[in-house]
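Asker: attaching a predicted model along with its sequence, questions to come.
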Amino acid sequence: MSHKSSSPTWAITLFCIGVLMAALDNGIISAALTTINSSFDVPANWGAWGVTIYTLGLAISIPIVGKISERYGRKKLFIVEVALFGLGSLLVALSPNFAFYLVARFIQAMGGGGIFIIGSSHVLSTFPAEKQGKALGILGAMNGVGAILGPNLGSVILDLTGNWHLLFLINVPIAIILIILGYYKIQETKEPSVGKLDLIGTILLSLAVLSIMYGLTNIEGTSLLESLATFNVYGFLIAGIVLFAGLIFYNRSLEKRNGDPILPVGLLVRPTYLLTLLIGALSGALLAGMIYIPSFSEQVLGIAAENSGYWMTPLALASGIGAGLGGALVDKKGPILAVFLSGVITAIGFLLFPTWIDAKWQFIISSCIAGLGIGILLGAPLNILATERLEKDKGSALAGLSLARQIGMTIAPTIYAGFIVRGFNQIPSLFQNDFGTILKSKMEKADLSPEALQEFQQVAGSMAPTSSSSEIDYSKILEHIQDPTLKGIIQSSVDQITLTAAQDGYGGLFYSTVVIAAIIVLLAIILKPIRNKSLR
């Protein structure tokens with residue numbers, strides 16, 4: 001094969017397309033869940049398994065692909081992963097029933113889970129050190145942009161075509177092109193393997209990850225402590241931890257026999273790597289926070305639901321720019337500074353949401369700052385930190401980092417949803433305590449006519465609370481009011497109560513992301529002397 005045919009530019013381009021395809025699809029389904037559930041005639045709780053099964057498939061495939069791509073060749077595994085993803089996408093689109101659809105989603109996840117790891121591992125194995133940051137930044141940009149734009153792109157396609165099958169069919173021709181070009185244009189890279197593939201370790205790792213991730217997906221954000229006490233959560237978490245402990249014990253004995261364990265124990269005793277895993281999990285939590293920005297724009301800024309996706313464009317673009325800048329920063333100044341700056345910028349961006357935003361232009365600025373910060377973290381710095389000074393097992397190290405990020409993305413939404421639900425649960429008490437004062441103030445400022453005031457007294461009096469209900473139903477009052485000015489005042493008062501609840505709920509969410517970003521800054525400070533010591 002000629003040098004031109006296996007040029008780094010071709011390789012990074014194909015990996016970027018593959019990463020973008022998988023990242024988009026991970027979020028695209030959320031826009032179509034209701035439509036898919038209706039087409040299969042299943043309730044929402046069953047329909048959610050379309051997302052859950054994909055998450056579980058990713059969690060299982062990530063660590064396995066990271067290891068076997070090093071053993072059998074990254075080019076081969078990239079082609080296999082893309083083929084699985086394309087096949088899964090085709091089967092999802094052609095699913096005759098819900099059970100078939102779930103199996104197809106699992107196949108799709110087994111393909112999509114490893115593309116980013118293989119691409120990152122290939123960069124670290126073939127690119128010179130001074131160019132790795134830039135290349136990893138580009139890959140990270142595709143991952144971040146895809147994850148953020150996925151739900152909104154899905155909404156656009158669904159609105160234009162009305163056909164959810166197309167969301168998955170479009171992956172098939174892309175996968176075919178990637179397979180053909182990947183075969184001819186990507187240089188094969190792998191690491192020397194020792195002994196047979198660790199089959200027992202692979203099974204133990206798969207079961208451990210499956211148990212932990214399934215337990216995490218059962219956590220309810222609205223009743224966090226209560227759900228942790230249910231067997232579906234703690235039972236599977238304990239089982240996963242026990243299986244993971246057994247895996248480490250088994251892998252230690254395998255290493256002593258000069259075997260090639262699926263999970264190198266040496267990685268887990270490196271302080272730099274463990275702290276990087278923690279930052280990776282926190283970065284997943286921040287990325288999950290981005291998912292709630294469209295609903296914030298709808299419920300707090302009043303942007304129409306069908307247009308909220310377009311308002312995510314600045315965030316996605318800023319995330320892509322941030323990933324590129326993060327890569328360049330890593331090449332010039334190292335990964336620790338990139339992580340530190342990412343945490344600072346992300347904290348500032350998220351802090352602006354509950355404290356500053358009143359208008360759409362402020363929303364755009366805040367989105368760009370938050371997107372820039374998280375983008376810096378998505379690509380190069382953590383991948384470099386996870387694989388520094390490793391002669392081998394880079395794929396496994398990157399797989400562990402991706403799995404940690406996936407865990408963060410799984411846990412965080414349940415916590416965020418809890419804040420939002422608790423905010424909206426305040427609406428009855430807000431009506432009881434504050435609505436009268438708000439309405440009175442607005443009516444006084446409006447200088448209503450005597451006829452309008454009389455109409456309000458008559459309608460409100462006829463719907464006064466009874467012994468069985470201590471609250472006035474203002475929606476029914478609105479139905480009976482004829483005066484347009486009075487009707488507008490009541491509606492704006494109702495809207496103000498709803499807005500207050502929404503601001504409080506989203507405020508809790510965004511303040512928690514600020515805390516997470518601040519912890520990342522602290523971890524970067526702690527990590528610096530530890531890394532410097534390990535590099536001596």
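Answerer: Structure's in. What do you need? Numbers count the residues shown, from 1 in each chain.
Asker: quick one, phi psi at Leu301?
Answerer: Main-chain torsions, Leu301, degrees, to the nearest 10: phi -100, psi -10.
Asker: Val123 in helix, strand or coil?
Answerer: Put simply, Val123 is helix when judged by DSSP: H, G, I helix; E, B strand; the rest coil.
Asker: contacts only, for it.
Answerer: 12, 15, 132, 135-136, 139 (CB atoms under 8 Å, 6 or more residues apart in numbering). Backbone N, C-alpha and C define where each C-beta goes, glycine included.
Asker: most surrounded residue in those residues?
Answerer: For those, the largest number of neighbours (other CB atoms under 10 Å) sits with Leu136, at 31 neighbours.
Asker: how about that one, secondary structure?
Answerer: Secondary structure assignment for Leu136 (three-state DSSP): helix.
Asker: what bits of the stretch 1-150 of the chain have low per-residue confidence?
Answerer: Within the stretch 1-150 of the chain, the segments meeting pLDDT under 70 span 1-6.
Asker: give me that answer again for 90
Answerer: The stretch 1-150 of the chain contains residues with pLDDT under 90 at 1-10, 20, 22-35, 37-38, 43-73, 112-114, 116-117, 120-150.
Asker: toward the C-terminus from the helix-or-strand element of the chain with minimal mean pLDDT, list the very next helix or strand.
Answerer: With mean pLDDT, DSSP states H and E as the measure, the helix or strand of the chain carrying the lowest mean pLDDT is helix 474-480 (a mean of 67). Sequence-wise, the next helix or strand downstream of helix 474-480 (DSSP states H and E) is helix 484-535.
Asker: from the contact counts, what lies against the helix or strand hosting Ser38?
Answerer: Ser38 is located in helix 8-40, with elements delineated by DSSP H and E. The contact analysis (3 or more CB pairs under 8 Å, 6 or more residues apart in numbering; DSSP states H and E) places helix 8-40 against helix 44-47, helix 49-72, helix 74-93, helix 98-112, helix 115-126, helix 129-161, helix 166-169, helix 171-185.
Asker: of all the ones you listed, which lies closest to Asn37?
Answerer: Distance to Asn37, taken as CB to CB, is lowest for helix 44-47 among these, at 3.5 Å.
Asker: which residues does that closest one contact?
Answerer: Residues outside helix 44-47 that contact it (CB under 8 Å, 6+ apart): 33-34, 36-37, 40, 98.
Asker: same check, this time on stretch 481-488
Answerer: Stretch 481-488 has contacts (CB under 8 Å, 6+ apart) with 443, 446, 448-449, 451-452, 455-456, 459, 478, 490.
Asker: any idea how far Phe78 is from the residue lying farthest from the centre of the chain?
Answerer: Centroid-distance maximum for the chain: Pro450 at 55.0 Å, with CA atoms, centre = their mean. According to CB to CB, to the nearest Å, Pro450 stands 77 Å off from Phe78.
Asker: Gly379 contacts Lys134, doesn't it?
Answerer: No - with contact defined as CB atoms under 8 Å, Gly379 and Lys134 do not form a contacting pair (9.1 Å).
Asker: can you list residues touching both of these two?
Answerer: 324, 327.
Asker: for these two, indicate the residue with more neighbours.
Answerer: Under the criterion of other CB under 10 Å, the comparison of Gly379 against Lys134 puts Gly379 first, with 31 against 22.
Asker: grab the nearest non-local neighbour of that one.
Answerer: Distances taken as CB to CB, 6 or more residues apart in numbering put Gly140 closest to Gly379, at 2.1 Å, once the chain neighbours are dropped.
Asker: who's in contact with the most centrally placed residue in the chain?
Answerer: Using CA atoms, centre = their mean, the residue of the chain that lies closest to the mean C-alpha position is Ala288, 3.9 Å off. Residues counted as contacts of Ala288 (CB under 8 Å, 6+ apart) are 408-409, 412-413, 416.
Asker: which elements pack onto the helix or strand hosting Ser297?
Answerer: Here Ser297 sits within helix 293-299, counting by DSSP H and E. Under the contact criterion of 3+ CB pairs under 8 Å, 6+ apart, helix 293-299 touches helix 484-535.
Asker: now with 6 Å?
Answerer: Applying 3 or more CB pairs under 6 Å, 6 or more residues apart in numbering; DSSP states H and E, one finds that helix 293-299 contacts no other helix or strand.
Asker: and after it, which helix or strand comes next?
Answerer: Toward the C-terminal end, the helix or strand that comes next after helix 293-299 (DSSP H and E) is helix 313-333.
Asker: check which residues of the helix or strand just after that next one are buried.
Answerer: Following helix 313-333 in sequence order, the next helix or strand is helix 335-355 (DSSP H and E). Across helix 335-355, burial judged by 16 or more other CB atoms under 10 Å covers 335-336, 338-354.
Asker: how does this protein divide into domains?
Answerer: If you go by automatic domain parsing, the domain ranges for the chain are 1-190, 194-259, 427-463+471-503.
Asker: excluding chain neighbours, what is closest to Gly112?
Answerer: Ala22 (3.7 Å).
Asker: surely that neighbour meets Met110?
Answerer: No - taking CB atoms under 6 Å as the definition, Ala22 is not a contact partner of Met110, at 11.3 Å.
Asker: neighbour-wise, which of the two wins?
Answerer: Per other CB under 10 Å, whichever of Ala22 and Met110 has more neighbours is Ala22, with 27 against 23.
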